[in-house]
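Asker: I would like the atomic coordinates for the input below:
(2 chains)
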Amino acid sequence: GENVEQHPSTLSVQEGDSAVIKCTYSDSASNYFPWYKQELGKRPQLIIDIRSNVGEKKDQRIAVTLNKTAKHFSLHITETQPEDSAVYFCAASIGGSYIPTFGRGTSLIVHP
Amino acid sequence: DSGVTQTPKHLITATGQRVTLRCSPRSGDLSVYWYQQSLDQGLQFLIQYYNGEERAKGNILERFSAQQFPDLHSELNLSSLELGDSALYFCASSVLSGTGNTEAFFGQGTRLTVV
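Answerer: The predicted model follows:
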């Protein structure tokens, strides 16, 4: 089955800095890559996703890049704010089945 | 509000007991997924149902079982509970379009504490 590795497990930045979280996946059949944000004690919520026919997608301060050849994708957050502090999960799923396999999560801490 | 409803929100029970967690998916979503999230752990996929049928199994213990009813709500049954089963259990639902994957919407979760 699919295996998703996520790094780093913890990321501490100063407000205004950029943050980058990287994930790799194992199954070349995966074609959908969502990113979820989970605030403390709350449910995971989708913040951005990308499909395999696209190399990059941007939504305001967040962007995701995908390298199908290398089987890795990354989340970029610019101009970080304290409210960005949360656990971020990447996931990969195979077309048609949609069983997202999640990475272990990255705890992002943005210091004011 | 994601539209996915899970009950109860909290559950405390003793080892050896059996509990049932309930999930109502978003209106129109045929696919339901169950995930387990332990302390400092990621989201471990347990099982998926689609329109009443089991579609895929992940790392689900034999002591655990699930089903999806005709009205599309789903229940996760956990039996012979052990301390290590203490976790946050999430249900998610999605449309699961045949033309491509779509977003999974998560419920608020049920926090299970086994004492």
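
Asker: isn't residue B:8 right up against residue B:112?
Answerer: No - Residue B:8 lies out of contact with residue B:112 (CB atoms under 8 Å); the separation is 9.4 Å. No exception for glycine: its C-beta is placed from N, CA and C like everyone else's.

Asker: mind checking which of these two has more residues around it?
Answerer: Neighbour count, other CB atoms under 10 Å in any protein chain shown: between residue B:8 and residue B:112, residue B:112 has more, with 21 against 12.

Asker: around chain B, which positions in chain A sit nearby?
Answerer: Chain A comes close to chain B at residues A:6, A:31-32, A:34, A:36, A:42-46, A:49, A:51, A:89, A:93, A:95-105, as judged by CB under 8 Å from any CB of the partner chain.

Asker: residue B:110 and residue B:88, how far apart?
Answerer: The gap separating residue B:110 from residue B:88 is 7 Å, by CB to CB, to the nearest Å.

Asker: wait, I meant residue B:68
Answerer: 21 Å.

Asker: between those two, who's got more neighbours?
Answerer: residue B:68 (23 against 18).

Asker: which residues does the more buried one contact?
Answerer: B:32, B:49, B:50, B:51, B:52, B:53, B:74 (CB atoms under 8 Å, 6 or more residues apart in numbering or on different chains).

Asker: ok, what's across the strand from it?
Answerer: Beta-bridge partners of residue B:68, counted by DSSP bridges, are residue B:74.

Asker: three-state assignment of residue A:43?
Answerer: coil (DSSP: H, G, I helix; E, B strand; the rest coil).

Asker: and for it, the neighbour number?
Answerer: Residue A:43: 20 neighbours (other CB under 10 Å).

Asker: who's in contact with the closest residue to it other than its chain neighbours?
Answerer: Spatially, and ignoring its direct neighbours in sequence, residue A:43 is nearest to residue B:106 (4.2 Å; CB to CB, 6 or more residues apart in numbering or on different chains). With CB under 8 Å, 6+ apart as the criterion, the residues that contact residue B:106 are A:36, A:43, A:44, A:45, B:2, B:4, B:90, B:91, B:92.
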